[in-house]
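1. next one to model:
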Amino acid sequence: MQQQTKLDSLWALSRSFKAEATLSRIMALCCDSTDTRFPFSVITFISSRESIGILSNWSTDNIHCSGLHRLAQICWNNADLGAQIRPFGPDQRVEKMFRMDMEEQYLASMTACRRALPADEVASWLQVLRLYVLVRALDALESSVTREAHLHDVCRTLRYVSETTGHERRAWIDKLAGSSTSFFGFESETLMRCRSALADTAEPSARSFFNSLISILEHRPWSKLPVKSTVHGAGSFDPYSKFHFTFNHFSHAQIGQEPGLEGAEERDRLSAGKTVQETDPAESDSKRRFNGEKLRLEMLEKYLFLPHSWHHISSDEEVFVFARLKELLNANKKVDRFGAAVAFLALLTGQSINDTSKIRFGTESGIDWRLNIAGKSIHKLAPRFSKRWNAPPSTNDHEQWVMPLSEGWEYKLMGNIAKPIIQALRNCPSAGDLDEVWQGLNPEAALANWFGAVFANSEFLTHLSGPSTASRLSLKVFQQSQDHASARLLSSDHRTALPSACAYGSYRGFEVAELLGGCLATDLAQMVLPPIDEQSNALLRRSIAELTDRVNEAARPETWCEHHNLLTALAVLALLSSTGTRPVNSPFQSLAWFDLERGLIYVQDKVTGPTQGSRICILSDFAKRLLQEIYLPHLRRLCAALLGDAPKFSKEVERVLRSDPEAKLPLFFFLRQEPTFDWMEVSESQLDLTCRFNWPLPWNLFRHFSSTQLRRLGLHADIRDALLGHAERDAESHGDFSGRIPLEDFEVARPLLNRLQDDIEFSLPKDAPYQLHIATPLKVEKDILQSTSPFGREARAIRRQKLHQAVQAIAKAEVLAFLGARTVDQLSSDEFDQIARQMLMRKQGLPHVMGSLRYEVFENFLSSEWRAKGRHAKLRRRYVLIKEGRARPTNVWLISQHALNLWFKRARSRPNARCWPRHWQLWIWFCTLG
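-> Modelled structure (predicted):
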């Protein structure tokens, strides 16, 4: 009964923090027993600091990892419950405690084992493998497989190696240990090493283990084992394991990273578009690279929406285009009238002539444009990101707060456009699209050929072609809005790989109508306005007010730990709102990143870091006051209070207050008082557990909020993009080729950001500092800081470096596997092209996320073969790599002006200061500050 009470407590707590679906899955894996020690073993395993860190890295790549991370954080924060559900101590062996159940409960037995000894890199990697096996067991459960043969085999070996020091099977694990930290990187690297180990092993038991692990890593069909003793009824786990769970329970956690279309993500390289051009084999490498650079500049020209580009219709040409259009609409030939109507639809929808000819007829809206003949209109569904956040279905009380979406766009076609189409359709009543109607009218020539031969048959339209009609809509929208994101979004179709910047702004119906309507000839078509939608921030205001009240209530000596955590959450919330920062771990990690005098803050918030995503943002007046008047004084009091029980920790807090970049603690951190004193860095799940907001939204909501509201307040798109870090390479608002002055832009945006925080009704907690005195002695582990792993920017840099190393190793293995016993000079140009595409593209035909890095490995391999062995590769094509962009702003920017002023002051104080040319001083200042 006592165990059941613990399970009930854990279940109630998991429901409070939206982790009940994960707990239900764990219970389902142990449903053939009534012993709660089995699910508790799994939960205890994932609740360690080491497991929480791994799950945090994986939570953006796997939906189960997100749920496990949330459940683990719950147990870490509730130390009493964590101690109660621990099945047995670390000095007790699983083979004794689970004596008769190890084979039946193989997953629980594997997770219940201690950490392998000796505590080296292989032992750390083994912990990662154990977590991966647990995640794959949850995948098997999704296929209604609770017991699986390959998982059973692997878990047995992992249990042996973990529990028995020096076990003979440890040598198998030594062959597999790698360095990848990301979920997919770990999977790929382990698979590669496992295949290599299998090829070098003749022992039957080892081969069985490697084959089982390969089956798991390759996601082969599950091999179901019979369940021997399923327990139902009283005392069973049925009330918990039968919980109806769906993936919507984790949807808000997945969105912590940037949303995007399939195959389109926030990139750390310019890869939104792909241009392939055949090269002349007789050309030198430098000539090919020169041609490749021209293609890159053409793509950049497209992103900048330069109006005088050859690929755009100029304003002068546009006058002749519409004059020609009206001329052909009144022509005697039915073919010319129909072709002119199609040409207008191409201009209206932002498509080429060829794509427009594929428009189908229908009354129901789809992801592409449809013609409604009866209604004389053209319509489609509004563009949506396939991985967008969706409100869970159980949050009906938030329906009035989550903004309703306009479902579709529709244009009413005037008679002179609709009439030629209707007349032509009478001759082809069974036609499914415009091209089939055209073939009925003029089967001798394609519609695109007619456009070039007839429509563009004018001395003023000599360079006009079928594809050129696709660029007019985006150019017009950009000229009205000066906003790259809105121009690309409103001119997109379902095949467009949109960057994540297009997912942030929320556009009202009349805003869309104004931008698109301005691109029309009003006598030819008219946009149908969608319903006006309004946004209410009442829930946001109420949630922040409740958090502030909780900070005030906890400002007592007996609740000092809770007060610290709540105040930390409020400060981070204010900074997220002020900067629109991505909610990565420890986004504001050092006081050295703040310029409190000028109200600026350095942000580095890209998970792929460390050379991307850095920028200077504005520190709002409220956030500045909260730091200076409340949070930093609180940290000083905390530092003094902890000096007795935790002197080393107190010393690190003091280093944080001195802006020491080498401090082992971030500026913002959460604390745990019992059973042992410990700390945890800021993360999304930790904010959820601390704030306990009654909302269904992801923590990047302030990024969406800033993008939307700053646009509505009239802030220039370039300044908005600079604050949010949105830009294509070489086209950044504050990049090397920009004429904007950052400090002036910041002062333009500052009043608007202050207004946004006032609208949300942020308010300072009560300025009544209590006597922070720790009455109960703290139990502090000796290694509380010695075992501290890198956090924030450094952790993201290490993770990215390891990911790149794993990607390079996998790419090199793929190249060698493709070659086999052959040498590079024995491959044909077609085979080289095949392997080059394998480096750049995935099997589904989508670009590989690390395609540039993989192709660079391929190029380096060919170069090394030529230099070392004189073997020349017969390449027919050349893919030119674009060098990775460098991070423009750094945290040094914030202190550079102060440092230079101090340097000038010292220089002037010297006896020969008059000999120092003043123009050199100004030149150094200008070069340093940019």
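2. what's the domain layout of the chain?
-> According to automatic domain parsing, the chain comprises the domains 2-227, 308-387+403-527, 558-760, 792-869, 900-929.
3. any chance of the ones you listed in CSV, plus distance to residue 781 and mean neighbour count?
-> (Each C-beta comes from the backbone N, C-alpha and C, glycine too.) Output for these, formatted as CSV (distance: least, CB to CB, whole Å; neighbours: other CB atoms under 10 Å):
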stretch, distance to residue 781, mean neighbour count
domain 2-227, 11, 19
domain 308-387+403-527, 40, 18
domain 558-760, 5, 20
domain 792-869, 21, 16
domain 900-929, 42, 11
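4. now name the helix or strand holding residue 853.
-> helix 851-869 (DSSP states H and E).
5. can you spell out which helices and strands pack onto that helix?
-> Helix 851-869 is packed against helix 792-819, helix 829-840, with contacts defined by 3 or more CB pairs under 8 Å, 6 or more residues apart in numbering; DSSP states H and E.
6. so residue 118 touches residue 166, yeah?
-> No - here residue 118 does not reach residue 166: they are 9.1 Å apart, not a contact under CB atoms under 8 Å.
7. contacting residues for residue 823?
-> Shown in contact with residue 823 (CB atoms under 8 Å, 6 or more residues apart in numbering): 865, 869, 871.
8. what's the angle between the helix holding residue 853 and helix 792-819?
-> 60 degrees (axes from the mean of the first three to the mean of the last three CA atoms, to 10 degrees).
9. got the angle between helix 851-869 and helix 829-840?
-> With the same axes, to 10 degrees as the basis, helix 851-869 and helix 829-840 are set at 130 degrees to each other.
10. quick check: mean pLDDT across helix 851-869?
-> Taken as a whole, helix 851-869 has an average pLDDT of 87.
11. next structured bit after it?
-> helix 892-908.
12. can you show me the CA trace of that next one as PDB?
-> This file holds the C-alpha atoms of helix 892-908, laid out as PDB (Å, rounded to 0.1, in the frame of the first residue of the first chain):
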ATOM      1  CA  VAL A 892      33.800  42.200 -26.400                       C
ATOM      2  CA  TRP A 893      31.700  44.800 -28.200                       C
ATOM      3  CA  LEU A 894      30.100  45.800 -25.000                       C
ATOM      4  CA  ILE A 895      33.300  46.600 -23.200                       C
ATOM      5  CA  SER A 896      35.300  47.900 -26.200                       C
ATOM      6  CA  GLN A 897      34.300  51.500 -26.000                       C
ATOM      7  CA  HIS A 898      35.000  51.700 -22.200                       C
ATOM      8  CA  ALA A 899      38.400  50.000 -22.700                       C
ATOM      9  CA  LEU A 900      39.300  52.400 -25.500                       C
ATOM     10  CA  ASN A 901      38.300  55.500 -23.500                       C
ATOM     11  CA  LEU A 902      40.400  54.200 -20.700                       C
ATOM     12  CA  TRP A 903      43.300  53.600 -23.000                       C
ATOM     13  CA  PHE A 904      43.000  57.100 -24.500                       C
ATOM     14  CA  LYS A 905      42.900  58.600 -21.000                       C
ATOM     15  CA  ARG A 906      46.100  56.800 -20.100                       C
ATOM     16  CA  ALA A 907      47.800  57.800 -23.400                       C
ATOM     17  CA  ARG A 908      47.000  61.500 -22.900                       C
END
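13. is it true that residue 57 touches residue 182?
-> Yes - judged on CB under 8 Å, residue 57 makes contact with residue 182 at a distance of 6.5 Å.
14. give the residues shared as contacts by those two.
-> With CB under 8 Å, 6+ apart, residue 57 and residue 182 have common neighbours residue 799.
15. where exactly do the strands run in the stretch 651-800 of the chain?
-> Counting by DSSP state E, counting those that start in this stretch, one finds strands in the stretch 651-800 of the chain at the ranges 669-672, 678-681.
16. chain neighbours aside, what residue packs nearest to residue 47?
-> residue 75 (3.9 Å; CB to CB, 6 or more residues apart in numbering).
17. sorry, back to before: closest one of the contacts of residue 823 to residue 219?
-> Distance to residue 219 across the contacts of residue 823 (CB to CB) is lowest for residue 865, with 33.8 Å.
18. distance check, the residue nearest to residue 474 when sequence neighbours are not counted against residue 347.
-> With CB to CB, 6+ apart as the criterion, residue 474 has its nearest non-adjacent residue at 3.7 Å, and that residue is residue 491. For residue 491, the distance to residue 347 equals 11 Å [CB to CB, to the nearest Å].
19. any shared contact partners between these two?
-> residue 473.
20. ends of stretch 133-152, what's the gap?
-> Counting by CA to CA, to the nearest Å, you get 10 Å between the two ends of stretch 133-152.
21. need the strands for the stretch 451-600 of the chain, in chain order.
-> Under DSSP E, counting those that start in this stretch, the stretch 451-600 of the chain gives strands at 525-527, 594-595, 600-604.
22. just checking the distance from stretch 711-720 to the centre of its chain.
-> Offset of stretch 711-720 from its chain centre (CA atoms, centre = their mean, to the nearest Å): 23 Å.
23. ditto for stretch 558-567
-> A distance of 32 Å separates the centroid of the chain from that of stretch 558-567, by CA atoms, centre = their mean.
24. contact partners of that stretch?
-> Contacts for stretch 558-567 (CB under 8 Å, 6+ apart): 547, 550-551, 554-556, 630-631, 634, 638, 641, 670-673, 690, 765, 772-775.
25. give the next helix or strand downstream of the helix or strand of the chain with the lowest mean pLDDT.
-> Within the chain, no helix or strand scores below helix 251-254, which has a mean of 32 by mean pLDDT, DSSP states H and E. Moving toward the C-terminus from helix 251-254, the next helix or strand (DSSP H and E) is helix 285-303.
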